[in-house]
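Peer 1: predicted model follows, preceded by the sequence.
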Amino acid sequence: MQNISRVASKAVRHGDLLFVQIKSLPKGLKEKKTKIIMNGTHGHDHSFENGKLYLQEKDNFVIGYFEALKDCKLFHLEHGQDVGRVDGLREAVLPVGLYELRVQHEDTNEGMVQVLD
């Protein structure tokens with residue numbers, strides 16, 4: 001049964017990664033000291049600045065939690081706006097909030113498969 005205090009109010013897609021807004025973080029999380037959220041399915045990392053990452057694989061879909069702080073930005077080679085960065089990464093702004101991190105899946109004739117980005 002779903003905890004009603006963590007029901008999503010909005011979601012933000014960043015390629016094959018989905019940020020689902022929640023009301024509170026689960027207890028006992030430990031912040032990861034990395035700026036890489038996950039490696040993309042084609043080798044392009046999803047990274048960030050101005051946030052806190054809590055990786056904790058809950059099931060095949062949920063890979064952790066994220067706290068977006070003021071001026072939080074997501075970086076990826078293919079997703080977001082081209083702002084002329086030397087490294088070629090595109091930027092996307094993530095609104096301040098708490099998020100559950102999900103790897104996106106789709107229902108196919110063969111069953112549920114991870115979205116390849």
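Peer 2: In hand now; what should we look at? Here the structure is a predicted model, which means the values were calculated and not measured.
Peer 1: out of everything not next to it in sequence, what's closest to P95?
Peer 2: Nearest-residue entry for P95: A68, 6.4 Å, with adjacent residues in sequence omitted and distances by C-beta to C-beta, 6 or more residues apart in numbering. For the C-beta atoms, the positions are set from N, CA and C on the backbone; glycine is no exception.
Peer 1: ah, wrong one, I meant F61
Peer 2: The spatial neighbour of F61 that comes closest, neighbours along the chain excluded (C-beta to C-beta, 6+ apart), is R102 at 5.0 Å.
Peer 1: give me the secondary structure label for that neighbour.
Peer 2: Three-state call for R102 (DSSP: H, G, I helix; E, B strand; the rest coil): strand.
Peer 1: for D82, see how far away it is.
Peer 2: For R102, the distance to D82 equals 26 Å [C-beta to C-beta, to the nearest Å].
Peer 1: neighbour count: the two, which is higher?
Peer 2: More crowded of R102 and D82, by other C-beta atoms under 10 Å: R102, with 20 against 9.
Peer 1: surely that one and L17 touch.
Peer 2: Yes. Contact criterion C-beta atoms under 8 Å: R102 and L17 qualify, at 7.5 Å.
Peer 1: residues contacting the residue nearest to F61?
Peer 2: Going by C-beta atoms under 8 Å, 6 or more residues apart in numbering, R102 touches L17, L18, F19, V20, F61, V62, I63.
Peer 1: which pair of these spans the longest distance?
Peer 2: Taking C-beta to C-beta as the measure, the contacts of R102 span a maximum distance of 12.9 Å, between F19 and F61.
Peer 1: comparing the two, which residue is more hemmed in?
Peer 2: Of the pair F19 and F61, F19 is the one with more neighbours under other C-beta under 10 Å, namely 24 against 16.
Peer 1: thanks again, I'm all set now.
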